[in-house]
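# sequence plus the predicted model coming up.
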Amino acid sequence: MLKSSISSSSKIKVAISALIFLFVNCQPAEKAPIETLSDVNPHADGFNMSESDSLAIGWADATMMAMGGREKWDATRYISWNFFGRRDLIWDKYTGDVRIEAPKDSLVFLVNINDETGKVQFKGKDITDADSISNLLERAKRIWINDSYWLVMPFKLKDSGVTLKYLGEGKIETGDDAHILELTFVDVGVSPNNKYEIFITKGDSLVKQWAFYSNAQQDSASAIWPWDNYQEYNGLKLSADRSDNLGPRNVQVYDSLPKEAFTDFGWVAD
């Protein structure tokens, strides 16, 4: 009975404290802490473990725990959001099916981002030309890559093609103390030359700011944005409706959705 009385948030705080203790008190070259944390938050195939810093990996794992944990992230299937007021997306994480409605462009995409199959409607009419469909489905995947990264980037710190470096301590623009991680990429995404700096605040181990470099060789950031206003969605913490009014809005997490959401142009959410 005592075990069931402990809240999930308390368990997460204890786990984060343990992760931080390991990485603060172990030398980066030691292998054991990385292997231990890999059990909590295993890296994707192709993650650049050999050239990533153990301290950076530790903070990536602590962030995953702070947002609800890897188990909760893996169990989350359906996510919907609006991106910059431009388009609405619904994503089935399990199947790769994505619905994108872009009213300003008069387009609706029903695409599977794993195999780039699907169909497209323009101004209420189905696109039938094979080349046009192929180009539009490729465009849909690029939209999803961009728009989903603005929502779930902290869950993707150990993705394939990523190298993580620990840059040290600093402050975000609100003045809070933070640990700074550098993300670079090799042969992944639509813009592999990009670089990001991720600011993880010390008090809660959450990403609270990110800096974007359009080219990894730049000395100064192209843009710096807040990553704030976290809300809980079925036990998962996501940042949306941010203080700069940019990025994802109106986020919803669903346990189930009808298949028509990804197959029927005329489907409308209840």
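That came through, no problem. Residues are numbered from 1 along each chain as shown.
# residue 56 against residue 164, yeah?
Yes. Under the criterion of CB atoms under 8 Å, residue 56 makes contact with residue 164 at 3.9 Å. (C-beta placed from N, C-alpha, C; glycine too.)
# overlap of the contact sets of those two?
181-182 (CB atoms under 8 Å, 6 or more residues apart in numbering).
# all strands of this protein, in order?
If DSSP state E is used as the criterion, the strands of the chain fall at 78-83, 87-92, 97-102, 107-112, 117-122, 125-126, 162-171, 177-185, 195-201, 207-213, 223-226, 230-233, 236-239, 248-254.
# so who does residue 151 touch?
By CB under 8 Å, 6+ apart, the contact set of residue 151 is 79, 81, 238-240, 247-248, 251.
# next: residue 241.
For residue 241, the residues meeting the contact criterion (CB under 8 Å, 6+ apart) are 229, 231, 248-251.
# how about those, which pair is most distant?
Maximum pairwise distance in the contacts of residue 241, criterion CB to CB, is 12.6 Å, between 229 and 250.
# shared neighbours of those two, anything?
With contacts taken as CB under 8 Å, 6+ apart, residue 229 and residue 250 have 240-241 as neighbours in common.
# top of the contacts of residue 241 by neighbour count?
Across the contacts of residue 241, the neighbour count under other CB atoms under 10 Å reaches its highest value at residue 248, namely 22 neighbours.
# residue 80 is in contact with that one, correct?
No. The pair residue 248 and residue 80 fails to qualify as a contact (CB under 8 Å) at a distance of 9.9 Å.
# picking that back up, I'd like the contacts of residue 241 as a markdown table, with distance to residue 143 appended.
As requested, the contacts of residue 241 are arranged in a markdown table below (distance: CB to CB, whole Å):
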| residue | distance to residue 143 |
| --- | --- |
| 229 | 23 |
| 231 | 24 |
| 248 | 13 |
| 249 | 16 |
| 250 | 17 |
| 251 | 17 |
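# just give me the closest of those residues to residue 66.
Using CB to CB, the shortest approach to residue 66 within the contacts of residue 241 belongs to residue 231, at 13.8 Å.
# my read: the closest one touches residue 237, true?
Yes. The pair residue 231 / residue 237 is scored as a contact, 7.2 Å apart, by CB under 8 Å.
# quick one: pLDDT of the residue lying closest to residue 92 once chain neighbours are set aside?
Leaving aside its chain neighbours, residue 92 sits nearest to residue 78 (5.8 Å; criterion: CB to CB, 6 or more residues apart in numbering). Each residue has a pLDDT score; the one for residue 78 is 98.
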